[in-house]
Each structure stands twice: as structure tokens, then as C-alpha cells.
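Novice: from the sequence below, what's the structure:
(chains A and B)
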Amino acid sequence: MADVKFSKAIKKLDEIITKIENEEIDVDELSDQVKEAVQLIELCKKKIEKAEMEVKRVVEGFVDESVEK
Amino acid sequence: MSQEFLTVSALNSLIQEVLQMGFPQAVWVCGEIQGFNRNRDKKHVFFELCEKDIKTKDIVARVGLVIFSGKKIYIEEVLADAQNAFPLKDDIEVKFLCRIDFYPPHGALRLIVENIDPTYTLGKIAQAKQKLIAELKSKGVLDANKQLAFPQVPLNIGLITAYDSAAYHDFVSELRLSGYGFKIFCRNTLMQGSRAEADVCRALDELSTVDDLDVLVITRGGGSIAELSCFDSESIAKKIAQMPIVVLSGIGHEINLTITDLAAHTQQKTPTAIAGFLVDKVRGFLDDARQRLGILTDLAQRHLSDENQNLKDQAYQLQRRTQQYFKIHLETMVRYSEIVRKSPPRQFRQRMNDLENRKSNFTQSVLNRFQKEQKRLQHFCRLVEMAHPKNALKRGFSITRSIDGKALKSIKQLEAGQVLHTEVNDGVFHSEVKDLKKEAGRGRREIQ
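Specialist: The predicted structure follows:
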């Protein structure tokens, strides 16, 4: 699941959330779908946080480097 | 009378007396010196003054002169007082104060030089010089070298001066002091005297064939007008005019510029000044180059710092936008989390409620049904009750039965004499059938 691309995960998540919001999911499946949605949310959050940290690190490194010159 | 005669000596003495009477005082005589050079070293100097035809230059008159040894020293002192402006020599015009003398032993007229007026000669020299300057100028000789572009970095110098002279050392030490990499190609040259002019011309010729020289310098230390007069030279001026490179002159005289100075591209008074001029040129070039380099460096640095700032701005934008992007997505995640957290339980509750509702609906409907059924039942009860014979008896109806207990509904069941039991509301009575009469259409039997 960690290998899923962010955009794909978001798309899947959007689908699930829309269905949950619109109450289109059978009660039998709801818990499973909620479980998947939570996993996807966690995954997406992790990906965003990781990417954000990475970007921050790269940009700060770049800015520091250019200041030193 | 015809026998009277004069001895030569008497004649000469007579002539001498007549001349002395005719020229009681010394007179100023002007003319051009001739035959002077040949007896320069002798005790007394014998020479001639002559006058030339202005146009043909033929000698139209000449006279012999003598400077006695005693006067010679005086004359030299006078000339020295005039700053040795010129030496006595052939071909110059002079103005002498002379006693007119006749020398009996030789029978010769001669002028004994008493004094000299140097200003006359100086004037003549100056006139001649001005004339020459005008002529050279009109021919463009004096401007030719000035047309050449001055080299930007005059480091390679062809030097025309007397090697090892004070002028040479002044020049070289001034250059050395600058610390710049000057290279000097010195042509040891006679810088004074009658042969200087030709030697300077040869030196110019020779140096013009040396490769890679930037400028030529003609220089010497200060001297008298006479010493420097060799540089009032038409041939040097013309030679300078032909030079392919810039010629500088530093021929030390405070007041008068020589023709060499005038013909040169640039002129300074002393060897040191000429060297200083060259040093300034090089320094100027270096300063200019440094300034340009400074400007260039400034521009480059400004440009770089602009670009750097630009990059920083873009990096900031990048960071800001990605943060924005992340923020939006994180917010979405939070929103989704909320939905996921709240929506399903709500849905469960709702379903549960639905279920409850349904249950209660169901119960209600069952109850309703029961009630309904009960009502129907009651209705039926009432109907049943209403149908009960007791009630009919109360209203006045009665039930008549045969003995065997059968309710009588038709007269056909009856026959006369038959005993009947009749039940009324509050008791039973017995009767007997008397007559049977069937009712038209109904088969009625009359009971009694």
C-alpha cells in the first residue's frame, strides 16, 4: 500500500469519501471502506509530511548555499 | 714733381694716417663670418666678413678682420654672458665693433675687432629659426608625427641619447622608479656639437628598423642655446616626420623649444619629465584598466547578486507554494478524517434509528391491526348480541317450539291439536293449535 502513488491514493480516497458522504455504501461494507479510507488518509498524510520536510530541507539547503556565495 | 715719390712705408703710413683721420672712432660692422674655422686655435684670429647678394648669394663685398689674443678672451666673456648663445664660426652673421686699421708692413686694410653685439646674431638666428619653422610647418613636417596615435602602453622605448650620460641615468632611473616593465633600446648618440645633427638622423633611421618599439625618445640634459642649436635642425625634423612611430623629445631648455621639440609628437623639458610622461601614460592605462575591471566586477557582482536574489525569491516561492499545496492536501486529509470519523457512526446511528423506527412502526401497525381486529370483533359481538333471541323476546318477539323443542318456523310443522311451548321474555306458556291457515303466498297457518 505504501507504494501507491499519492495521486492514485487521493483519487481512491475521494471516491470512498464521496460514497461515504452520499451514503452510497452498504452497511456491510462501510467498516471495511472506513478502514481503507483511514489507511489512505494516514498514507497521504505521511506522504505529504515527508515530501514537505524534504522540500523544506532541499530549499533551505539551497538558500543557505546561495547566501554563502 | 714727377721725381717726387713716396717710399712704400711712407705711403702705407700716409694711408694709415688718412684712414685714422677718416675713421677716428670704432664702427659697428655687420657681416657673415668666413675663414674663421681654419685658425680657431691660433693666438690671434684672422678671418673675413662678407656680404652676399640677397638673391644670388654671391659675395658682393668682403673685408679682413683680426681678433687679437687679448680681445679674444673678452669676446668670449661677452658671448658667455649671453649664455653661450652661439660660438663664433663660419657662416653666421655677426656684428663687431671694429677699428679700421691699415697695417703698413702688409699694406693691408684690416678691421681690429674691439667688441661684439651678440643680440644681433641671436636675432638673426631666431629669425632664421622662425623662417625654418614656418617653412616646415607649411610642409606639414611639424605635424606629421603628431598625427600618430599614441600607444596605450608605451613600454618598449627606443632611446636616442648619449649612453651613460646624466640624461640617460635620469631617464632610466625615473622609469625604474615606477616599477613598470619598461624595456629600453638605447642608441648611443652624439647629442651636441657639429656632428650631433647627422648622428641623431642616423639614430632615428636605425631605431625605425627595430621591431616592437612603442615610442622613440630623443633626450639630453640642459645646455646653452649654442649647445642645443644642433636640434634646430631641418633634417632631424624631416626625419621625425617620416618616423612610423611616435617620437618624444626632451631637450633641456627652459625657454626656447628646438625645432626637434616642435617636430616631435610630444615634448618635455627634461629626460626625467619625458620618463615621467611615459610612466603616467602606462599608469593611466593601468588605472583605466583597473577602473574598467572595477566597473566590470561591480556589474558582474550586481548581476550575480540580482540573480542570486532572484533564485532565493523563486526558492521562497517554491517553498511557499509547495507548503500551500501540502496545506491544502493536509486540510483535505483532516476533513476526510472528520468525515471518516463522524459520518459512518452517524450512518450507523441513522440505520439504527431507521431500524428502531421500523420496529416501532411495525409494532404500531401490529397493534393497530389488533385494535382493528378487536373493533371488528366487537362489531361482530354486537351483531351477535343483537341477533340473540333473548333480545328479540325483550322487544316482544316470542319463540314457539314443538314439544320436541324444535323452533317452529312454518305451519307445515304444525297440525291441529298440537301443543306448543311458547317462550316470551319473562316465561313460557303452552298453547294448542286450533286452526291452520296458510297465508296467501306464505303458507300461513293460523294458530289459536
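Novice: show me where chain B has its strands.
Specialist: Shown for chain B, the strands assigned by DSSP state E span residues B:27-34, B:45-52, B:59-67, B:93-103, B:108-116, B:156-161, B:183-188, B:215-220, B:246-251, B:266-268, B:399-401, B:419-424, B:427-432.
Novice: shaky segments in chain A?
Specialist: Low-confidence segments of chain A, defined by pLDDT under 70: A:1-2, A:59, A:62-69.
Novice: scan it for its longest helix.
Specialist: Among the elements of chain A assigned as helix by DSSP state H, the one spanning the most residues is helix A:27-68.
Novice: elements contacting it?
Specialist: In terms of contact count using 3 or more Cβ pairs under 8 Å, 6 or more residues apart in numbering or on different chains; DSSP states H and E, helix A:27-68 is assigned the packing partners helix A:6-21, helix B:271-387. Any C-beta I mention is one placed from the backbone N, CA and C, and that applies to glycine too.
Novice: okay, buried residues for the shortest one please.
Specialist: Of the residues in helix A:6-21, A:9-10, A:12-13, A:16-17, A:19-20 count as buried by neighbour count, 16 or more other Cβ atoms under 10 Å in any protein chain shown.
Novice: from the chain's centre, how far out does it sit?
Specialist: Distance of helix A:6-21 from the chain centroid (Cα atoms, centre = their mean, to the nearest Å) equals 10 Å.
Novice: can you give the contact residues for it?
Specialist: The set of residues external to helix A:6-21 that reach it, using Cβ atoms under 8 Å, 6 or more residues apart in numbering or on different chains, is A:4, A:24-25, A:30, A:33-34, A:36-37, A:40-41, A:43-44, A:47-48, B:329, B:332, B:336, B:339-340, B:343-344, B:347.
Novice: one more time with 10 Å
Specialist: By Cβ atoms under 10 Å, 6 or more residues apart in numbering or on different chains, the list of residues contacting helix A:6-21 from outside reads A:1-2, A:4-5, A:24-26, A:29-30, A:33-34, A:36-41, A:43-44, A:47-48, A:51, B:329, B:332-333, B:335-336, B:339-340, B:342-344, B:347.
Novice: leaving out the residues flanking it, which one is nearest to B:Phe171?
Specialist: Distances taken as Cβ to Cβ, 6 or more residues apart in numbering or on different chains put B:Pro271 closest to B:Phe171, at 4.0 Å, once the chain neighbours are dropped.
Novice: just send the strands of chain B back as CSV, with mean pLDDT too.
Specialist: What follows is these, written out as CSV (pLDDT from 0 to 100):
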stretch, mean pLDDT
strand B:27-34, 92
strand B:45-52, 91
strand B:59-67, 92
strand B:93-103, 91
strand B:108-116, 91
strand B:156-161, 95
strand B:183-188, 94
strand B:215-220, 94
strand B:246-251, 93
strand B:266-268, 91
strand B:399-401, 85
strand B:419-424, 87
strand B:427-432, 88
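Novice: for B:Met21, which of those is the nearest?
Specialist: Minimum separation from B:Met21 across those (Cβ to Cβ) falls at strand B:93-103, 10.8 Å.
Novice: partner strands of the closest one and their direction?
Specialist: Pairing partners of strand B:93-103, with direction, according to DSSP bridges: strand B:27-34 (antiparallel), strand B:108-116 (antiparallel).
Novice: flag the shaky bits of the stretch 151-300 of chain B, pLDDT-wise.
Specialist: By pLDDT under 70, the weakly predicted segments of the stretch 151-300 of chain B are B:253-254.
Novice: name the residue of it that lies nearest to chain A.
Specialist: When Cβ to the nearest Cβ is the measure, the stretch 151-300 of chain B has its nearest residue to chain A at B:Ala300, with 13.1 Å between them.
Novice: wait, isn't the residue nearest to B:Phe171 in contact with B:Thr161?
Specialist: Yes. Using Cβ atoms under 10 Å, B:Pro271 makes contact with B:Thr161 at a distance of 7.1 Å.
Novice: ok, the residue nearest the centre of chain A - contacts?
Specialist: Among the residues of chain A, the smallest C-alpha distance to the mean C-alpha position (Cα atoms, centre = their mean) belongs to A:Cys44, namely 1.3 Å. Contacts were defined as Cβ under 10 Å, 6+ apart; by that measure A:Cys44 touches A:4, A:6-7, A:9-10, A:12-13, B:329-330, B:332-333, B:336.
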